[in-house]
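Visitor: missing the sequence, but the structure's below:
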C-alpha cells in the first residue's frame, strides 16, 4: 500500500481520461476549451483534496494530439448550434403557445417555418438530455410523427397544407416523443404549460410512489421543475413536515435521503461522525473460521485520515 | 464494453473530484449529462486499467470486524481500529474504516461477464 504513487496514478488517470474522451467531445460538438476546463477543474479538486502530495499543481495538460483539423468544421457548426440553443433555452415558453392552436399557428407560420428548423434543435437536445434519443440523429427521428400531428391540427380547423403544418409543428414532436404515450394524450388538452409538463412525465418514468401522490394533488402537477437538482426534494419535505414530520408512517419521501440518514446514524453510533474512512477495492476471496475472517482484497483505493493510498493486494485479517 | 468496469470507484477522491467537476459543467450548460456519463465510463476504464498496470504495492490489514455484509456480490466490512501494514513497514491506523469490495475482475471474467 502506498501513498507515494498516488500522484503518479492520478496524473495518469486524468491524462488518460482526458485524452480518451476527446473524440467524444468532438462528436458532441463541445469545444476543446470545455475539455480543458474539465481537466483543470478536476485537477484542482484533486489537489485541493490533499489526499497526497501533488508536486505539480495543475501540471501541463497532455499535449492533445492535433488531428483537430478534420473536426474543425464540424466543431464550428456545432458551436453555432450551441449558441443558438443557449438562446433558445431562455425562452422556450415563447415558442410553445402557438402550437396548440391551429389558427394561431397558421398566422405565425410564415415566421415560424424558417425559424423552426433552428429552434427545433434546442428542444430536441433538451430531451436528449434526459437520454431518450441518440444525439447524432435527432432530425431523422421526426418524420414519422409528422402526418399524425399535421392531421390533428388540420382536423382542428387549420387550412394549411400538411407539409406546411408539419414543418410548423416540428418543435412539438420531440416533446411527444419524450413523453409516454398516455401522458401525451392527457396533456394535449392543456395548452399553457407545455415545457414543464414535458419534464414532469420524465420524472414519473423513474418515479417512486411519492411523486404519484403529488401528481393528482394539483392539476398542474406536471409543473415540477426539471430534474436539474434536488429542489423537488424540498417540496415534499415542506408539505410532509406539517403532517408527519420525520415519521415513517408515510412511505419514504425520498429513499436516497433516508439511506443517507441511516448512514449518518451508523456513524453517530460509532462516535465518528463526518467523513468516513473508506476503502474501495475488489475481493478475491473472503473466508471465515469461527470469528476469524480472512480476505484477499485487490486494486484498492484507500482513503484514511484524509489521505489516499493505493494497493494492488491487501490481506485482511479481522476478528469479529 | 464500458459496462464491464466497475463504477464504484467513482466514490473515491479522484472520482468525486471528477463527478463534481462534471456536475459544474452540466449546470453551466457546457456539456450534456450524456457526455458526462461517457466521461465517467472512460474514468471507470482508465482507473481500473491504470490500477492493474501501475499499482504493485501490497499491504496487510488487521482490525476488529464490526460489521460484515454480503449483498449482490458486494462485500461491505466495517472494521474498527484498523491498522494497515504497508511494505514500507509504515503503519496507518484509524478509528474505523469501511471497506466496499466488489468481486474481483478475475472472478467476473470467469463468471457473469
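Guide: Cool, the structure landed. Nothing here was measured: the structure is a model prediction, and the numbers come from that model.
Visitor: those helices in chain B, which residues are they?
Guide: If DSSP state H is used as the criterion, the helices of chain B fall at B:13-27, B:33-54, B:105-110.
Visitor: now render those helices as JSON lines, adding distance to residue A:38 and mean neighbour count.
Guide: Heads up, the C-betas are built off the backbone N, CA and C, glycines and all. Output for the helices of chain B, formatted as JSON lines (distance: least, C-beta to C-beta, whole Å; neighbours: other C-beta atoms under 10 Å in any protein chain shown):
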{"stretch": "helix B:13-27", "distance to residue A:38": "6", "mean neighbour count": "19"}
{"stretch": "helix B:33-54", "distance to residue A:38": "7", "mean neighbour count": "19"}
{"stretch": "helix B:105-110", "distance to residue A:38": "28", "mean neighbour count": "13"}
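Visitor: tell me which of the ones you listed sits nearest to residue B:98.
Guide: Closest to residue B:98 of the helices of chain B is helix B:13-27 (C-beta to C-beta; 14.6 Å).
Visitor: so where is chain B shaky, pLDDT-wise?
Guide: Within chain B, the set of residues satisfying pLDDT under 70 comprises B:1-3, B:105-113.
Visitor: do that again at 90, thanks
Guide: Within chain B, the segments meeting pLDDT under 90 span B:1-4, B:87-90, B:104-113.
Visitor: part of a helix, is residue A:282?
Guide: No: secondary structure of residue A:282 (DSSP: H, G, I helix; E, B strand; the rest coil): strand, not part of a helix.
Visitor: give the contact list for it.
Guide: Shown in contact with residue A:282 (C-beta atoms under 8 Å, 6 or more residues apart in numbering or on different chains): A:297-300, B:6, B:101-105.
Visitor: give me that answer again for 6 Å
Guide: Taking C-beta atoms under 6 Å, 6 or more residues apart in numbering or on different chains as the criterion, residue A:282 is in contact with A:298-299, B:101-102, B:104.
Visitor: and these as TSV, adding distance to residue A:1 and neighbour count?
Guide: Converted to TSV, the contacts of residue A:282 look like this (distance: C-beta to C-beta, whole Å; neighbours: other C-beta atoms under 10 Å in any protein chain shown):
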residue	distance to residue A:1	neighbour count
A:298	12	21
A:299	12	25
B:101	15	27
B:102	19	20
B:104	17	18
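Visitor: mind putting these in JSON lines, distance to residue A:51 included?
Guide: Below are the contacts of residue A:282 laid out as JSON lines (distance: C-beta to C-beta, whole Å):
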{"residue": "A:298", "distance to residue A:51": "20"}
{"residue": "A:299", "distance to residue A:51": "17"}
{"residue": "B:101", "distance to residue A:51": "20"}
{"residue": "B:102", "distance to residue A:51": "21"}
{"residue": "B:104", "distance to residue A:51": "24"}
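Visitor: nearest to residue A:314 among these?
Guide: For these, the residue nearest residue A:314 by C-beta to C-beta is residue A:298; the value is 7.5 Å.
Visitor: over to the closest one: give its phi and psi.
Guide: Main-chain torsions, residue A:298, degrees, to the nearest 10: phi -130, psi 160.
Visitor: could you report the neighbour count for residue B:9?
Guide: Neighbours of residue B:9 under the rule other C-beta atoms under 10 Å in any protein chain shown: 23.
Visitor: helix/strand/coil for the residue of the stretch 51-200 of chain A found nearest chain B?
Guide: Distances between the stretch 51-200 of chain A and chain B by C-beta to the nearest C-beta are smallest at residue A:51, namely 4.7 Å. At residue A:51 the chain is in coil, as set by three-state DSSP.
Visitor: one more: residue A:55?
Guide: Residue A:55 - assigned by three-state DSSP - is coil.
Visitor: from residue A:23, how far out is it?
Guide: As for residue A:55, its distance to residue A:23 is 30 Å (criterion: C-beta to C-beta, to the nearest Å).
Visitor: these two: who's more crowded?
Guide: residue A:23 (12 against 8).
Visitor: which strand or helix spans that one?
Guide: According to DSSP states H and E, residue A:23 maps onto helix A:5-27.
Visitor: so which other helices or strands are in contact with that helix?
Guide: The contact analysis (3 or more C-beta pairs under 6 Å, 6 or more residues apart in numbering or on different chains; DSSP states H and E) places helix A:5-27 against helix A:32-48, helix B:33-54.
Visitor: and residue A:297, what element?
Guide: Taking DSSP H and E as the definition, residue A:297 sits inside strand A:292-304.
Visitor: which other helices and strands does that strand contact?
Guide: For strand A:292-304, the packing partners by 3+ C-beta pairs under 6 Å, 6+ apart come out as strand A:278-289, strand A:307-319.
Visitor: highest average neighbour count across those strands?
Guide: The highest mean neighbour count among these, using mean count of other C-beta atoms under 10 Å in any protein chain shown, belongs to strand A:307-319: a mean of 21.
Visitor: now do that strand: everything it contacts.
Guide: Around strand A:307-319, the neighbours that count as contacts under C-beta under 6 Å, 6+ apart are A:1, A:3, A:5-6, A:51-52, A:291-298, A:300-302, B:13, B:55-63, B:65, B:79.
Visitor: okay if I get the helices and strands packed on strand A:292-304 as CSV plus distance to residue B:29 and mean pLDDT?
Guide: Shown next, in CSV, are the helices and strands packed on strand A:292-304 (distance: least, C-beta to C-beta, whole Å; pLDDT from 0 to 100):
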stretch, distance to residue B:29, mean pLDDT
strand A:278-289, 31, 94
strand A:307-319, 32, 93
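Visitor: relative to residue B:73, which of those is closest?
Guide: Proximity to residue B:73 (C-beta to C-beta) singles out strand A:278-289 among the helices and strands packed on strand A:292-304, at 9.2 Å.
Visitor: low pLDDT regions in chain A?
Guide: Using pLDDT under 90, chain A drops low at A:1-5, A:49-276, A:306.
Visitor: which phi and psi does residue B:55 have?
Guide: In terms of degrees, to the nearest 10, the main-chain angles of residue B:55 are phi -90, psi 120.
Visitor: since we're on it, how many residues are nearby?
Guide: If you count neighbours by other C-beta under 10 Å, residue B:55 ends up with 22.
Visitor: any idea how far it is from chain A?
Guide: 5 Å (C-beta to the nearest C-beta, to the nearest Å).
Visitor: please parse the chain into its domains.
Guide: Since you didn't name a chain, this refers to chain A. Chain A breaks down by automatic domain parsing into domains covering A:5-66, A:275-319.
Visitor: could you do chain B instead?
Guide: The record's domain parsing of chain B by automatic domain parsing lists B:2-54, B:59-105.
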